[in-house]
Each structure stands twice: as C-alpha cells, then as structure tokens.
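Colleague: Predicted model and sequence below, questions to follow.
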Amino acid sequence: MEALTIPQDLIAEVVNGKPYYYKGYREVLDGQKRTEDLMGSSYVQAWIIESVLHFLFLNVDRKTWRVLSNEVGLHMGLNHNRSCDIALFEKAQLAAIYDTEAYIALPPKVVIEVDIRLEAEERQADTDYLMEKTQDLLDFGVERVIWILTRSQKIYVAEPNKPWLVVDWHSPISLLPEVDFILSELLKD
C-alpha cells in the first residue's frame, strides 16, 4: 500500500519534522471540502484579532514596534516552523531581513494566538498542543505568549520562568510595559 502524500498547503506547522495539519484536512483529501475552507477564521476569531490589532495600532509606538499578523511564519530550526496570529517585534530586530520569501528566524517579543485550528483526535490534544507550542515559543526566545480561547472565554499568559496564568476575558492582560488591555472591553466597540 502506497503512503498518502498530504499537500503542503494542508500543513499548518512543522515541528521538529512532524507536520500539524489544519482542522478538516481529511475532508479535503476526501473531496468534501476545498483547501480554502480550512484557512479562514470564524467571525469571532477574526473579530478578536481585528480588535486586538486596532488596539495595538493605537497604543504601541510604531517607531519602535512592528505589529505583524496573518499567520506570521517563524523559522525556529531545521524542519521546525511555527505560525502566529499576531507577533510583536522590535523594529530594530527586523532591520537586516531582506528575504521576502523566508520565515522570520528571530523570536518576536510577544505572540498572540486566537484559538487552535489544528486537527486533533481528541479534545486533550488541543490542550497538549497549546502547552507544547507555548513552551516552544518561550524556548525560542519569545518573552510573552498570549492565547485567547473563544470556546472557554479564557486567556492563557505565559512568560519564561514564571507561572503561567489563566484568566477570563474581563481580566487585564499586559502586552508590553505600560500597554495593557481587557479583551471584553475591546470587544464592546
């Protein structure tokens, strides 16, 4: 029996050589969905990302910080790539990057993720993935990882060498020194 080759565009991330597939990739392979059906965000996910980006553009010094979004690709090593919903970099970090095709091989200061959109055999796999990706980003040098989860309306905040926090959408979240937000307040607009 020949092994099934899964197209690259159904792979969300490759971690230590192991591919992680977009949720619903099997339906694409079976012809029930199109690849494009997997790539989009739900209304709530898109609304949260839009609200956070709007807040960042108004409250972060754009001369110092670059706010990147749209599944920012991070190259963390050979066969080891992650993507991020929102990544905050100091502009000086990115000054020497000229390759328009390459993923960024430097850690952002802050990563913000909204939900997990990967294929999982069981609900526990989502939690395992969140923990694994968060630790991977921290090990890469990210200083703060924030996960916004829509189903539970919880926010995970992780920093190196500190206990990870789990709070609700009404709690203040520190992004950068002197830049905090409360998600429930951002979503009132």
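Modeller: Thanks, I have the structure now. A quick note: this is a predicted structure, and the numbers were derived from the prediction, not measured. Numbering: from 1, shown residues only.

Colleague: ok, now which ones touch the spatially closest residue to Pro172 that is not a sequence neighbour?
Modeller: Nearest residue to Pro172, sequence neighbours excluded (CB to CB, 6 or more residues apart in numbering): Asp180, at 4.9 Å. To be clear about C-beta, it is placed using only N, CA and C from the backbone, and glycine gets the same treatment. Asp180 is in contact with 172-174, counting by CB atoms under 8 Å, 6 or more residues apart in numbering.

Colleague: repeat for Ala158
Modeller: 134-135, 138, 144-146, 164-165.

Colleague: circling back to that earlier point, which residues does the residue nearest to Pro172 form beta bridges with?
Modeller: Ser174 (DSSP bridges).

Colleague: Tell me the spacing between it and Glu101.
Modeller: 36 Å (CB to CB, to the nearest Å).

Colleague: same question, Ala46
Modeller: 26 Å.

Colleague: quick one, which of the two is more surrounded?
Modeller: When Ala46 and Glu101 are compared for neighbours, Ala46 comes out ahead with 12 against 4, by other CB atoms under 10 Å.

Colleague: Which strand or helix spans the more buried one?
Modeller: Using DSSP states H and E, Ala46 sits within helix 43-59.

Colleague: which outside residues touch that helix?
Modeller: By CB under 8 Å, 6+ apart, helix 43-59 touches 41, 67, 69, 85-86, 88, 112, 114-115, 148, 150, 175, 179, 181, 183, 186-187, 189.

Colleague: Restricted to buried residues, select the residues you listed in PyMOL.
Modeller: In PyMOL syntax, the buried subset of those is picked out as below (16 or more other CB atoms under 10 Å):
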select buried, resi 67+85+86+88+112+114+115+148+175+179+181+183+186
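
Colleague: Just the ones of the contacts of helix 43-59 in helices?
Modeller: Applying DSSP state H to the contacts of helix 43-59, the entries found in helices are 183, 186.

Colleague: quick one, strands of this structure?
Modeller: Counting by DSSP state E, one finds strands in the chain at the ranges 11-15, 18-21, 65-77, 80-90, 110-114, 144-149, 154-158, 165-168, 172-176, 179-182.

Colleague: So which elements touch the second one?
Modeller: By that I understand strand 18-21. Helices and strands touching strand 18-21, by 3 or more CB pairs under 8 Å, 6 or more residues apart in numbering; DSSP states H and E, are strand 11-15.

Colleague: Which of the contacts of Asp180 sits closest to Gly17?
Modeller: Ile173 (33.5 Å; CB to CB).
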